[in-house]
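J.: Give me the fold of what follows.
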Amino acid sequence: MRYLIPEASAAYLEISRRSLMLGIVSWGQFAARLVALRLMCNPNDPTLLQAKLLLQVNPETPEDEWPEGAWSEGEDPNRAKERPKAPDQDDGIFRFIPHGNTGLSNWVFHPYDPDHFPSVPHGHYQGKPQPKLDAYLGWIYKGAQQISREDRWKIVALWNDNAFRAVALAAINYYLTNFPSYTGWRVANPKVLPRRRRP
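T.: Residues are numbered from 1 along each chain as shown. The predicted structure follows:
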């Protein structure tokens, strides 16, 4: 495989850092650049270590809990048997948190999540295992039970976000590559993302 020369990878990282500091790119876009950079770096390139370390830094998320008693108990039947981790999985180090204008900034999306329920991709409230958000329909699940639903305008705003679309495509590609026997896709070609809409 052909890699970037060290000078090019260092320049790409520096441009990305400055873009983040100047507000040109969001944290999610910056993290997506770091993931791409890791794939383009030679294993001996010192920039590779910098990119890995930066991916371990996450913006702070609120510690608030959802209102007491908002969830009903239940188990996700799809999680009865744990799925094996793919060898290149980062254990959730790379995360995407939607921009505040989507109204979904409490939801964290992991593009390399081996769990397909309730959708690929799906959100985790404040990064915790439960509850989960269906990124397509807005349903919120605790275990296998629907407990609530996000407003339509929030889901539309999420899919209108270019950074989220890139994360969604990464999640779909990850799942197609690592779990090729999965047949639960809602459309014939899962790589065709929902079209952009007016909120």
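J.: can you map out the strands along this protein?
T.: 107-109, 122-125, 132-134, 139-142, 145-149 (DSSP state E).
J.: Using CSV, write down the CA coordinates of the last one.
T.: Coordinates of the C-alpha atoms in strand 145-149 are reproduced here as CSV (Å, rounded to 0.1, in the frame of the first residue of the first chain):
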residue,chain,number,x,y,z
GLN,A,145,-38.7,-1.4,23.7
GLN,A,146,-39.5,1.9,22.0
ILE,A,147,-39.8,4.4,24.8
SER,A,148,-39.8,7.8,23.1
ARG,A,149,-39.1,9.5,19.8
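J.: 23 is where my numbering starts, stick with that
T.: Okay, using 23 as the starting number, the last item reads as strand 167-171.
J.: ok so, going back, in TSV: the strands of the chain, plus mean neighbour count and distance to Y196.
T.: All C-beta atoms are positioned from the backbone trio N, CA, C, and that covers glycine. Shown next, in TSV, are the strands of the chain (neighbours: other C-beta atoms under 10 Å; distance: least, C-beta to C-beta, whole Å):
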stretch	mean neighbour count	distance to Y196
strand 129-131	23	12
strand 144-147	22	13
strand 154-156	23	17
strand 161-164	20	21
strand 167-171	15	25
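J.: so which of those strands gets nearest V189?
T.: Comparison of the strands of the chain against V189 by C-beta to C-beta identifies strand 129-131 as nearest, at 5.8 Å.
J.: Please name every helix or strand in contact with the closest one.
T.: Judged by 3 or more C-beta pairs under 8 Å, 6 or more residues apart in numbering; DSSP states H and E, strand 129-131 is in contact with strand 144-147, helix 184-200.
J.: Average pLDDT for it, rounded please.
T.: Across strand 129-131, pLDDT averages out at 95.
J.: same question, stretch 56-63
T.: 88.
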